[in-house]
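S.K.: For reference, the sequence and a predicted model appear below.
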Amino acid sequence: MFTREDTDTIPIMNERQESVTLRDVIITHDLVEKKLNKFNLSKSAGQNGFQPRILKELSSAIKVP
């Protein structure tokens with residue numbers, strides 16, 4: 001069933017000013033590996049379908065894009 005949306009009452013969103021830019025984020029290969037090694041192996045796969053065990057076991061190989 002299709003519905004017709006009332007477009008006259010859509011709120012106007014103001015632009016947000018973000019104080020953090022991508023330049024402020026530093027990601028290193030060692031940091032990626034450290035985070036992968038902290039994965040809980042009893043958890044299920046994420047939306048990407050990868051099991052945490054696989055990501056953890058391959059952390060040293062996949063830490064570099």
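M.R.: Done, it's in. Numbering: from 1, shown residues only.

S.K.: tally of neighbours for Lys56?
M.R.: Lys56 is flanked by 15 other residues according to other CB atoms under 10 Å. All C-beta spots, glycine's among them, are computed from the backbone N, C-alpha and C.

S.K.: My error: substitute Leu55 in the last question.
M.R.: Residue neighbour count, defined by other CB under 10 Å, stands at 18 for Leu55.

S.K.: What residues does it make contact with?
M.R.: For Leu55, the contacting residues are Leu36, Phe39, Ile62, taking CB atoms under 8 Å, 6 or more residues apart in numbering as the criterion.

S.K.: In a markdown table: those, plus pLDDT and neighbour count.
M.R.: Output for these, formatted as a markdown table (pLDDT from 0 to 100; neighbours: other CB atoms under 10 Å):
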| residue | pLDDT | neighbour count |
| --- | --- | --- |
| Leu36 | 95 | 17 |
| Phe39 | 94 | 18 |
| Ile62 | 93 | 14 |
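
S.K.: Quickly name whichever of the residues you listed is closest to Gln51.
M.R.: Each of these was scored against Gln51 by CB to CB, and Phe39 proved nearest at 9.3 Å.
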